[in-house]
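> With the sequence up front, the predicted model follows.
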Amino acid sequence: MSNAILRLDDVYTDIAQYHVLHGISLDVPEGGVHVLLGRNGAGKTTTLRTIMGLWRARKGAIVFRHHDITAMKTPDIARLGVAFVPENMGIFGGLTVEENMRLAAAHGRFDDQRLQRIFALFPAMEKFWDRQAHALSGGQKQMLAISRAIIEKRDLILIDEPTKGLAPAIIRAMIDAFREIAQETTILLVEQNFHFARALGETVAVIDDGRIVHRGSMAELAGDEALQNRFLSLSMEAH
Amino acid sequence: MSLLVNTSRRVPVGRLVVYGVVLVVGLCLMFAPFLFPDVRAQEVAARICVFIVLVASYDLLIGYTGIVSFAHTMFFGLGAYGTAIALRTMGPGFDAILLGGSLGVLAALVLAVLIGLLSLRVKAIFFAMITLAAASVMMVLASQLSEFTGGEDGMTYTIPRFFSPANTLVEDADGKALRIFGVALNGRLALYYFVFLSSLFLFLAMLRIVASPLGTVLEAIRENEMRAEAIGYRVVSYRTAIFCIAAVIAALAGILRAVWLRYTGPDVTLSFDIMLDVLLMVVIGGMGTMMGAVIGVVIMTLAQFYLKDLMEAGASATADMPLLPDMLNPDRWLLWLGIVFILLVYFFPAGIAGTLMGKGGHK
Amino acid sequence: MTPSLRTENLTIRFGGHAAVNDVSCAFRPGELTVIVGPNGAGKTTWFNLVSGQLKPTEGRIFKGENDITGLSPSARAKAGIGRAFQLTNLFPKLSVLENVRLVVQARAGQGPRIFTRASSMTDIRDKAYGFVEATRLASVAHLPAAALPHGDQRKLEVALLAAMEPDIFMFDEPTAGMSVDEAPAILELIAEIKKDTSKTVLLVEHKMDVVRALADRIVVLHNGELVADGRPGEVMALPIVREIYLGVGAEEVA
Amino acid sequence: MTKTISDTFERFGGVFLLPVILGLVAFLLIGRPSTWVTLTVAGLAMGMMIFLMASGLSLIFGLMDVLNFGHSAFVSFGAFIAASVLASLGVWVTGGSAAMNILALMAAIAAATAFGALAGWAFERIIVKPVYKDHLRQILITMGALIVAEEIILMVWGGSPLPVPRPAVLTGSFVFGNISIEVYRVFAFLLGLAVYIAMHFALNRTRVGLLIRAGVENREMVEALGFRIDRLFIAVFMAGSALAAMGGAMWAGYQGLITPAIGSEMMILVFIVVIIGGLGSIEGSLLGAILVGLMANYVAFLFPKMSLASNMILMMAILLWRPYGLKPAVKG
Amino acid sequence: QDDPVKIALLHGLSGSPLEAYSKQTHAGFQLGLEYATDGTMEVKGRKIEVIVKDTQFKPDVARALLAEAYGDDDALIAVGDTSSGVAMALLPIAEEYEKILLVEPAVADSLTGPDSNRYVFKTSRNSSMDMQAQALALQPDENLHVATLAQDYAFGRDGIAAFKAALDGTGANIVAEEYVPQQTTDFTATIERLFNALRDKEGRKVIFMNVAGIDAMTPLAAANPGRYDIELSSGGNILPALVAYKQVPGMEGAMYYYYEAPDNPVNDWLVEQHQERFGSPPDFFTAGGMASAMAIVTALQKAEEWDTETLIATMEGMTFETPKGEMTFRPEDHQALQSMYHFKIKVEDGVDWAVPELVREIKADEMDIPLGRNNQE
Ligand SMILES: Nc1ncnc2c1ncn2[C@@H]1O[C@H](COP(=O)(O)OP(=O)(O)OP(=O)(O)O)[C@@H](O)[C@H]1O
Ligand SMILES: Nc1ncnc2c1ncn2[C@@H]1O[C@H](COP(=O)(O)OP(=O)(O)OP(=O)(O)O)[C@@H](O)[C@H]1O
Ligand SMILES: [Mg+2]
Ligand SMILES: [Mg+2]
């Protein structure tokens, strides 16, 4: 794809002495939500962390827009407009919700109407604005992590399993939210929750054992039980 | 950066090396009087024996449980001073050693229980500080009660005649001490083996402890205190328990020290320098690996006694070069020790034994 | 029959905010209760109170006849209250097997043994291995827990709980972040436990299908208060539940 | 009952009452007002000098979670450099002109501080960087560094005690009736106060403090938000070391005769201050330092025998009452 | 030409600020040998070989080294150490190997006390001498009121005890004894106590400081005792420490050595040579080191046999030259009796330190130094 905002080209990543990624090649088109699926330990998180420069690729190239970010320092990558919501949410427990957000906001100043949108989306954030973040519930932490990613306009947001531990109600709300966010940015989403993924994803890539085993449009995958069973061995009936 | 080491993979080689080295050291110590008959070597060997026990007992705390204590030499000192004071007041005799020693150990135990219950709840660094405080209070006491302790200058005393060079164990034809390979079978020899065997016994005991279920529990507590509690281990009790065990063993080592040296003073037992030595030894050797204690002690002690001679040579060799001889000046040997130490902590956080055995790697 | 676990007006406040507010309910053996509620409802906090990580501001907790409100977490664990954590919480540098072995050993009260070699206690080891297999971790049994991917860590979390063999099992979102083909293994395990009628199982879960598949009874928490309690069908039908949980009008959530 | 007491206690400034209470108690015990004033002023000044050293440690520990046993090395270096500068300035120091004296002292302190910052930078890069997040290795590696540093001092300045010429204006004391207050102490007090105010502002009015706290918890995430945390940490470390050196310089001028051990001798006191103050909070360090300073002076006058133990006891007592110190910035 | 006679020097050369003292001692010792042997470094045709060992200020290391010196290197006489603690630990080794240990420069009285033994000689002064001389320097009488300041450990306490003993019968009154922790840095409280004790007394009021390693002078001077007509008094000190004395011009006290004080050829030679080689005047421990060397050489020259017993016999009661004039080993406890110097502080510009001007030499026989032990029975 020519309009790719992010391109991974045959990326290999090791962690300690473990070889985790063996040749991930992936194009993320500009705009919309794009999903990375795969079983536990497949290498989804590692992929995101490698893009973000938190693990170093041993081999291969990562290109964001026209910048080669393979060897770039994490902060510089972030400054290019890439936001990251890690698996463990990476919130600062010692800081209040507000301080957490402030750090994510450019120059520490909030864009009011974005803030209002976040409050509408996650009322808990407003409610616990001055609460120390370690005191938030699992889900509230998750919300904070996402809020932090969208408090500024980003070009690309990497999100690792955002629905983990969220109540269905929130998940539903989030689907709408992501749709809205996707208007202005590109989202690369790692998911286990296929229904969530399906509801949002335009394209999908399935990763297994550190390799991409399937790439295509979400519609195609959603439509094709066989594919699903092959790559995701989905057992649960959709509802 | 995660210091992961795959226990399942690299097994024998490194381990074998370590065990080999330790075994060799053990044998050398066992036959020290015959292998290195010169006097200084004797002193060195004895010091190594005692310190192996002391350092290993400290490893129980810092390596296996992640407790950082600066009061370890305090317990060491209690054992030594107990023995010394008894020998001084009651005169030379095994009864004095027995009584004084056991009083010292008792004191150590009581103190350990108090400190443990009082402060093992608080955060690690605070505990380190409290032990530091306790230790320095003890040092002040030692210097204040100079009529008992000899104050700063410490005290000398005589030990049972059985241990004195004059005492012949086995007489030869003309009534002098029988010699084997030129080594006289006299009290001195007896004293050395008293020290050696006691140390050996204590060390083996500790090996057993760390291999026991308790050992694993301690590591678990080190890793994740809250979860250990959640699966049913009373963290505080375990912490206190191991703290006491370590304290008692340290005190016992103190007794050996006092008997061997025939002198006890702050500088050989209580002082912070010794605490530092112990720390260096356990780290260089490798925390959380009993073997490390042995290796660390041997290296450090040899350095303390012989490194200088080496540098002497180096200095004179490089005498005509610019600044090198200055740095190789034997009096600056501590500088090098420090640098080596830093590099070790830097590149082999698991210490020598730890790295070789792919174990420990304490974080 | 007497309830195996009972909380009386259980309340905890953090500052002004009551995370759990006057919750009284009882649980019987052989029953699997799913505790649901929006994020921040107080589920995890309630767990923490029962398993002893937190001390209640008011109220008491009974295991069977005896009041355990004052007991330490370890004491409660010994008393047969077992709990798995929402955010994974393991012994990172110990191997998977060692992790489990520790639990079995605690069960067997072998912790304080000083002079026997742990490795020689094969019975404990074998038993531990059993649990490792049951949770499909055998292949990684010798890896340090830290090296496992998130999903496997969740499984280990469950394995630890199972190994505690408590009378009362408390799972906090056991399948969160577990891929759809992994989850069933855990659910089967829970189903197994449920078969044993002497056990009481409490389960915090958001995934509807899981709830449906397992629940004998559903308790709904909201803003720290118990708002509904009953058979799945009935509870799910309650308007309040539909509103706060299934998210008709998601704005008010949390 | 106890609750209401503690409430009122909190209302009237909480832990910040402690020094006042201490002062009052001492006043009753001492009786002679002139003595009390002398001791109190002395205590405050001493506290301020300790604060200079402690705040550096606390900053580094609390914010970066680095336990720097090498801290005392910076104190020592500061002391020796200041001494050398003063010595080299000769008549500037001993001469009558007040202006020149002050200038000389300023030069000395500046030199020491600058060196502290520089050495701090090297120290962070070489020694500390590889061991963030790992207390044990921090303790060990910084101790190693301490050994090396002290050896270097021995190599450069030699072992014999080094006399520190004290600027003429700062010698002697103000005497009002029976009250005598060393001039130098007044100076020390003012300097400490200035530093405190500066730090307070930097940490609370700017986003830096926030960033650092976040960085301590989760480096990666702060970087993922686009901040160059390594630079930040270096800056903090340099500041902390500079403060230590400054404290050392002041202390040297105050002691008059310094040995390479000067740093390590101070260290225990400094640690006590940081601990009772609560890690990472500058307010805490100040509070702790002043408490220790006053305590030391009062006790030394009332029960000289106790003076050594007094601080230890103070620490234990406070730890039992507040396990994380009086005003901790970082909990758990 | 038979093989050299070995003398072992055991001093802490690393690991403590005191190492500077050890180095002074060594320099002095070399100079001493040179002077005594007229530069030949030989006695009776046998070379003197000096073996230097670093005790690292660690008593256990020191013991090992001394044992080695006697046992393996087969040294005839050993000299050491700088710290009294280490020296203390050495005493039994000398007895065990039945060889002579010459204590220099450690000062503690106990080194020639009950726990010592007949193989130990001591050229360094001991605390009693300091205090005796100090007392004499104060010219005590009824209207003298003294408050003492010392560190709270054996050295400080013994010192004050000796000082009081020396004042006994002179009618002088001790009005206060203050003991401060060893590492005290803040003297305000103590000063208040001292002033409060003295301020209302009639007659001559003196604060006597007996501290080592810390500077009590500066704060005391700063607190300006003059306003209560309180004088300060203190022993002498090494040159670097004398700088602080500039604050107390006119102060009197007694000292062990200052290079301008003694008037004898040995000292003249020492000062000249030291200036020449090191560009600075000799200090306390240089003199001490030299004295010990000269004692040894004298003994070797006098003794016809060089075995321990003959040497002991020779040295007991032996008188020998030193930079401080003549010293004599007292037969009973083997302490070398020697002169001390009564000084008065004078500030000379151009000199980095305050100059302790000689008031008068206090001869050994003016002081009665208590016997530590008796090796004669
Ligand atoms: N810190 C680490 N050290 C060693 N190996 C690791 C580490 N982190 C991850 N791995 C390995 O990398 C592989 C991929 O892990 P990753 O976290 O990317 O999987 P994932 O797809 O995110 O799984 P999940 O959905 O459970 O999060 C796993 O096999 C894991 O064992
Ligand atoms: N230590 C604490 N201090 C202050 N408030 C807390 C603390 N722990 C939890 N809370 C608050 O209590 C409420 C309940 O939290 P809890 O973690 O129990 O929610 P939960 O039901 O587990 O939600 P989730 O499903 O998202 O995990 C939340 O609003 C949280 O902010
Ligand atoms: Mg993942
Ligand atoms: Mg929860």
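Done, it's in. Ligands and ions are numbered 1, 2, ... in the order given.
> What residue in the stretch 1-150 of chain C comes nearest to chain A?
Nearest residue of the stretch 1-150 of chain C to chain A (Cβ to the nearest Cβ) works out as residue C:39 at 2.6 Å. Every residue, glycine included, has its C-beta placed from N, CA and C.
> My guess is that residue contacts residue A:170. True?
Yes. The criterion here is Cβ atoms under 8 Å, and residue C:39 meets it with residue A:170 at 6.2 Å.
> quick one, helices of the stretch 201-332 of chain D?
For the stretch 201-332 of chain D, helices defined by DSSP state H, counting those that start in this stretch occupy the ranges D:207-217, D:219-224, D:229-255, D:262-277, D:282-302, D:307-321.
> Who's the closest spatial neighbour of the residue of the stretch 151-254 of chain C found nearest ligand 1, skipping the chain neighbours?
Nearest to ligand 1 in the stretch 151-254 of chain C, going by Cβ to the nearest ligand atom, is residue C:151, at a distance of 3.3 Å. Closest residue to residue C:151 apart from its sequence neighbours, by Cβ to Cβ, 6 or more residues apart in numbering or on different chains: residue A:40 at 2.6 Å.
> Compute the number of surrounding residues for the one you found.
Residue A:40: 21 surrounding residues under other Cβ atoms under 10 Å in any protein chain shown.
> wait, what's in contact with it?
C:149-152, C:178-179, C:182 (Cβ atoms under 8 Å, 6 or more residues apart in numbering or on different chains).
> so which of the residues you listed is the most crowded?
Comparing the contacts of residue A:40 by number of neighbours (other Cβ under 10 Å), residue C:178 comes first, having 26 neighbours.
> pLDDT below threshold where in the chain?
Answering for chain A, as no chain was given. Within chain A, the stretches with pLDDT under 70 are A:1-2, A:17, A:230-239.
> Switch to chain E, please.
E:1, E:15, E:377.
> Quick one: residues contacting residue 59.
No chain in the question, so chain A it is. Per Cβ under 8 Å, 6+ apart, neighbours of residue A:59: A:10-12.
> was after chain E, sorry
For residue E:59, the contact set (Cβ under 8 Å, 6+ apart) comprises B:154, B:261, B:263, B:265, B:267-268, E:85-86, E:88-90.
> can you pull out the strands in the stretch 51-200 of chain B?
For the stretch 51-200 of chain B, the strands defined by DSSP state E, counting those that start in this stretch occupy B:155-156, B:179-180, B:183-184.
> would you say the residue of the stretch 151-254 of chain C closest to ligand 1 is within a helix?
Yes. Under DSSP: H, G, I helix; E, B strand; the rest coil, residue C:151 falls within a helix.
> so it touches residue C:179, yeah?
Yes. Between residue C:151 and residue C:179 there is a contact under Cβ under 8 Å: 5.9 Å.
> Now the common contact residues for the two.
Contact criterion Cβ under 8 Å, 6+ apart; residues shared by residue C:151 and residue C:179: A:39-40.
> What residues does chain A have near chain E?
Nowhere does chain A come near chain E, counting by Cβ under 8 Å from any Cβ of the partner chain.
> Spell out for me which residue occupies the centre of chain A.
Residue closest to the average C-alpha location in chain A (Cα atoms, centre = their mean): residue A:159, at 1.4 Å.
> isn't it right next to residue A:148, touching?
No. Counting by Cβ under 8 Å, residue A:159 stays clear of residue A:148, with 11.3 Å between them.
> Now for those two: what residues contact both?
residue A:85.
> ok so, going back, next one: the residue nearest to residue C:151 from residue C:74, what distance?
According to Cβ to Cβ, to the nearest Å, residue A:40 and residue C:74 sit 31 Å apart.
> And for residue E:80?
Taking Cβ to Cβ as the measure, residue E:80 falls 57 Å from residue C:74.
> next one: residue D:248
On the measure of Cβ to Cβ, residue D:248 and residue C:74 end up 47 Å apart.
> what does residue A:102 give?
For residue A:102, the distance to residue C:74 equals 40 Å [Cβ to Cβ].
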